[in-house]
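[1] sequence and predicted structure are below.
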Amino acid sequence: MGIKIALAGNPNAGKTTLFNALTGSNQFVGNWPGVTVEKKEGKLKGHSDVTITDLPGIYSLSPYTLEEVVARNYLIQERPDAILNIIDGTNLERNLYLTTQLVELGIPVVAAINMMDVVRKNGDKINTEELAKELGCQVVEISALKGTGIKEAAEAAIQAAKQGTPMIPQHQFGGCVEHAIAHIEEAVLHNIPEEQQRWYAIKIFERDEKVLEALSISKSDIEHIEQDIAAAEKEMDDDAESMITNERYVYIANVIKHCYKKKNKGGMTTSDKIDRVVTNRWLGLPIFAVVMFLVYYISMVTVGSAATDWANDGLFGDGWHLLGIGSGAYEEAAEEYGDTNAIIDGYVAYLGEQGADTAALEGYIDPEADTFDGEAAKHAILEFEKQYSADFSYDVEDEETLEVTTKTATMGDLTTAADAFAGGEPDPAEYGVWVPGIPVLIEQGLDALNCADWLKGLILDGLVAGVGAVLGFVPQMLVLFILLAILEACGYMARIAFVMDRIFRKFGLSGKSFIPILIGTGCGIPGIMASRTIENERDRRMTIMTTTFIPCGAKQPFIAMMAGAIFGGSAWIATGAYFLGMAAIVISGIILKKTKMFAGDPAPFVMELPPYHMPTVGNVLRSMWERGWSFIKKAGTIITLSTIFVWFTSFFGWVDGSFGMLTEDQMSCSILAYIGKGICWLFAPLGWGNWQATVAAVTGLVAKENIVATMGILYGGDNGVYANLAAAFTGVAGMSFLIFNLLCAPCFAAMGAIKREMNNAKWFWFAVGYECGFAYAVSLVVYQLGALFSGNANILGTIAAFALVAFMIYMLVRPYKESNTLRTKVRV
Ligand SMILES: Nc1nc2c(ncn2[C@@H]2O[C@H](COP(=O)(O)OP(=O)(O)OP(=O)(O)O)[C@@H](O)[C@H]2O)c(=O)[nH]1
Ligand SMILES: [Mg+2]
């Protein structure tokens, strides 16, 4: 039998930091209370028989929120062999409140005073020997962050577990309380082990419903006990629960007086000073807006997008110059050569109009043809020039926007072009060290192996195109994750929740709903899980339902793609997506709060603001890596499978009654097309009732990154994805498609998280239905009204759009009666 040690303590005391240090795990650490919401197990390094469990932070053993229930249930039901109680040394008084309860559980406890580095820096003194005597358990000093004393703490816990002698609580309550507790033990607890009796008795005294339920005490016994409790209450003129709480605090105050010396009493700390500005009533929000703008500007527009361009065009494109050396010169040359081609093409077209026979020349200039020959082309052009010499027009396509502009060329231009063409296409390898892109390498490899066409198609058009499109966004994501991790680690995130609380409260939401939303910008799943810190069950459900409206990391690639293909790469699209997500959350909040299901005032905001501190490189990198890795892992598993599926179903189908592999222009006969055509009518009112878009949206339910991967396959082809997309979507239809995919139900994994957190099938379906319905309604309104203004109105659609707008306005402004009549349970 191995030894089980639980890490218990207040939120933000450093349990997970210690857990990571002791077990070598990579659990998420952040500077705000309530980071860990689920228990995590790991083996102590060097001791394969010792299991350490990291628990969510708790303030007491009377749970109010879900993550507190997780912690308490673990302690009282699984009964670890020892508890390592992590105490934040800068906040002794509040932390010891939990300690007084832990020592009553009848499990050996070792108290580890954490954050000793800060305590020492502040010049405060803790007398651990005296503290150990007062508490009746061993006390050690540690710094989980710096790694000092942690081995000793773990050893002490192992020793305590091996000896197995339960604690003898040093603290005694007042006479009448002890009297009642003794009675309770005798009356109903004699058949549970002796060392556990005291804790249960105190809980019964406090009338803890869950404990009473768990012990299934008979009615007559409860009545009997109730007499004792009532007598004590009468004597002290207070209710039982408050009596226990008060006595604990009186006791702790006494302990602190003996064991703790603070250097600076009162006075403002640096954190307080920063907070006066950052959480200021007027400045708080603008500062937040600027910070978030910077985060997205750096990750999406500058650093991140440069890296993503490299990944998309270089690593997963044709190739790249090592260290970027030679890139500029090569690009200039390549562009010139591109113009050369355009001019020659234009001339050939002109010759055709003039009735000249250009067959031979076309053979010389077609790079695919065997007759391709730059010199011969030049000669032919010079020959033609003698006969056909007039200015002619030619088309150039912008590489980024694919916009086509028509220009005019003179004979001089043509001669220069012919010369350049004879010189041949610039070779990137001549300008620097050229590293070919992955698809190029793979293609070469497959050609060398004489690979079958279908397999080559699967690998290049399916796997590499799909997965590469997603992986290309990894650099951008990593930059975003680093910046978010820094904000989390330094403590600013906790302030944002505080600032947002003032605003959210006006709409009937709690600022605590904002933390899940913030986390949701990385990934919806931890966002949904973070809702566990919300006490009020209705607010919690509402937060779960609306958190995924905010664009998560996986939606970024698709947003970037639509912005690039249809909206000229405007940075407003990505920023707008966040505003839209926030607006959807606030509007849903107002609407839902007015229904019976969600009515009630939001719980008061009780999150404490932890002191700021410098983020450590390790923590920031760990958090970036954790999130980035899950992005990459998804690309490696579920997205690979989906792209294989999409590739197969889109490149195979029935042409003229026989089943087989299709060419690119036969894709509308594919299996996927049949499926898409079956359901695409559903989306016709939203402006994109074609099978390709429908299929992309559906594969987005598997993983949002799939939208890009699927579009990459379905809209691939001659002109490139962006041009094909631009041709397939009008501006409003593109907008409507974007909005629908932003707001509709999240990916399967996140839906799974919703299901787990709702813990109820009815609520799960309600959440998914609401999200999809809301997305459908907003997209419909946007598309139909857009069509109306651009003069393509559809009568039925317009009526439906106006009806929906009217309904939403009604839901937003209708009076809010229930708030005074329904009570909610709040933590005091
Ligand atoms: N200065 C200092 N900071 C620490 C120490 N230990 C942890 N921290 C910081 O305290 C913050 C909270 O750490 P976590 O390990 O997430 O705390 P937790 O107890 O797991 O918190 P919950 O999961 O919310 O209950 C992080 O920002 C840590 O970097 C320490 O010994 N010294
Ligand atoms: Mg934690």
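    Nice, thanks for sending it over. Ligands and ions are numbered 1, 2, ... in the order given.

[2] quick one: is whichever helix or strand Val479 is part of near ligand 1?
    Val479 belongs to helix 474-490 when elements are defined using DSSP states H and E. Yes: for helix 474-490 and ligand 1, the contact criterion (C-beta under 6 Å from any ligand atom) is met by Ala489. For glycine as for every other residue, the C-beta is placed from the backbone atoms N, C-alpha and C.

[3] just the CA atoms of that helix, as CSV, please.
    The C-alpha trace of helix 474-490 is given here as CSV (Å, rounded to 0.1, in the frame of the first residue of the first chain):
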residue,chain,number,x,y,z
VAL,A,474,0.8,27.9,-33.9
PRO,A,475,3.4,30.7,-33.7
GLN,A,476,0.7,33.3,-33.4
MET,A,477,-1.1,31.3,-30.7
LEU,A,478,2.1,30.9,-28.7
VAL,A,479,2.8,34.6,-28.6
LEU,A,480,-0.8,35.2,-27.5
PHE,A,481,-0.5,32.5,-24.8
ILE,A,482,2.8,34.0,-23.5
LEU,A,483,1.2,37.4,-23.1
LEU,A,484,-1.9,36.0,-21.4
ALA,A,485,0.3,33.9,-19.1
ILE,A,486,2.2,37.0,-18.0
LEU,A,487,-1.0,38.8,-17.2
GLU,A,488,-2.2,35.8,-15.2
ALA,A,489,1.0,35.2,-13.4
CYS,A,490,1.5,38.8,-12.3
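
[4] show me the strands in the stretch 301-450 of the chain, by range?
    Assigned strands in the stretch 301-450 of the chain, in chain order: 319-321, 392-397, 404-409, 434-436 (criterion: DSSP state E, counting those that start in this stretch).

[5] out of those, deepest packed?
    Greatest average neighbour count among the strands of the stretch 301-450 of the chain goes to strand 319-321 (a mean of 19), per mean count of other C-beta atoms under 10 Å.

[6] chain neighbours aside, what residue packs nearest to the residue nearest to the spatial centre of the chain?
    Nearest to the geometric centre of the chain sits Cys523, at 1.5 Å (C-alpha atoms, centre = their mean). What sits nearest to Cys523 in space, not counting adjacent residues and going by C-beta to C-beta, 6 or more residues apart in numbering, is Cys552, at 5.4 Å.

[7] what does Asp238 give?
    Across the structure, with C-beta to C-beta, 6+ apart as the measure, the residue nearest Asp238 apart from its sequence neighbours is Asn246 (7.3 Å).

[8] helices or strands next to the strand or helix carrying the one you found in the packing?
    When elements are assigned from DSSP H and E, Asn246 belongs to helix 240-259. With contacts defined as 3 or more C-beta pairs under 8 Å, 6 or more residues apart in numbering; DSSP states H and E, the packing partners of helix 240-259 are helix 92-102, helix 128-135, helix 175-188, helix 194-205, helix 219-236.

[9] relative to ligand 1, which of the ones you listed is closest?
    The minimum distance between ligand 1 and those falls on helix 92-102, with 10.6 Å, by C-beta to the nearest ligand atom.

[10] buried residues, the closest one. List them.
    92, 95-102 (16 or more other C-beta atoms under 10 Å).

[11] check which element follows it along the chain.
    For helix 92-102, the following helix or strand on the C-terminal side (DSSP H and E) is strand 109-114.
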